[in-house]
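A.B. asks: Mind folding the following:
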Amino acid sequence: MRGFWPRGCSTVLYPARSHTDSAEPIFAMNPTVADRGLTVGVTGFLSPNFHLYGRCENLRPCVEWPLGMGRTRLIYYNLFPTEFHARLDFTADVARHQRYYARAVEEDRGMLESLQHAMASRNFRPGPLSKFENAIHHQLKYYVERMGNTLNAV
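C.D. replies: From the prediction side, this is the model:
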């Protein structure tokens, strides 16, 4: 299920596994999505720089701030239902999630840097974004506007 909203908002609900090495949840089901099963996945975007990623056991809001040419700060939050915090191994289990995310971000960084370098190639031909890349379009537009203002101020 997809939703495209005014002013650069979008949501996508899709089947996905837990963000863990085994793809199995470490915690129990989040009570708010228990009726959707273990394969619930949701992604949301609110222009200009807020993303939301959800799975069966947690919710991960993410804020992205461009700091300058070639630098972006990603701030991820990892939200779990209150009842999960009472577990004796809660801190260790959260650390397992954090290790997974740190690895995933590093993998994405390499891919994104490679794509950005390829754009400098004389063989690169830009084309229109897919209609399914609405959130990406708003994000890129925001970055260009922020970088343009930064560059003009120099």
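A.B. asks: Identify each buried residue in the longest helix anywhere in the chain, please.
C.D. replies: For the chain, the helix reaching the highest residue count under DSSP state H is reported as helix 90-118. Buried residues in helix 90-118, counting neighbours by 16 or more other CB atoms under 10 Å, are found at 93-94, 97, 100-101. All C-beta atoms are positioned from the backbone trio N, CA, C, and that covers glycine.
A.B. asks: Farthest pair within those?
C.D. replies: Comparing all pairs in the buried residues of helix 90-118 by CB to CB, the longest separation belongs to 93 and 101, at 13.3 Å.
A.B. asks: Stretch 76-84: which residues count as buried?
C.D. replies: Buried residues in stretch 76-84 (16+ other CB under 10 Å): 80-81, 84.
A.B. asks: same question but for stretch 57-73, I mixed them up
C.D. replies: Of the residues in stretch 57-73, 57-62, 64, 66 count as buried by neighbour count, 16+ other CB under 10 Å.
A.B. asks: Dump it to PDB, restricted to CA.
C.D. replies: Backbone C-alpha positions of stretch 57-73 (Å, rounded to 0.1, in the frame of the first residue of the first chain) are rendered in PDB as follows:
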ATOM      1  CA  GLU A  57       9.300  -4.800  16.900                       C
ATOM      2  CA  ASN A  58      10.500  -1.200  16.600                       C
ATOM      3  CA  LEU A  59      10.200   2.200  14.900                       C
ATOM      4  CA  ARG A  60      13.200   4.100  13.600                       C
ATOM      5  CA  PRO A  61      12.700   7.800  12.900                       C
ATOM      6  CA  CYS A  62      15.600   9.300  11.000                       C
ATOM      7  CA  VAL A  63      16.500  13.000  10.500                       C
ATOM      8  CA  GLU A  64      19.000  13.900   7.800                       C
ATOM      9  CA  TRP A  65      20.900  17.300   7.900                       C
ATOM     10  CA  PRO A  66      23.100  18.400   5.000                       C
ATOM     11  CA  LEU A  67      26.200  20.000   6.600                       C
ATOM     12  CA  GLY A  68      28.000  21.100   3.500                       C
ATOM     13  CA  MET A  69      29.300  19.700   0.200                       C
ATOM     14  CA  GLY A  70      29.900  16.000   0.700                       C
ATOM     15  CA  ARG A  71      28.800  15.900   4.400                       C
ATOM     16  CA  THR A  72      25.400  14.900   5.900                       C
ATOM     17  CA  ARG A  73      24.500  14.100   9.500                       C
END
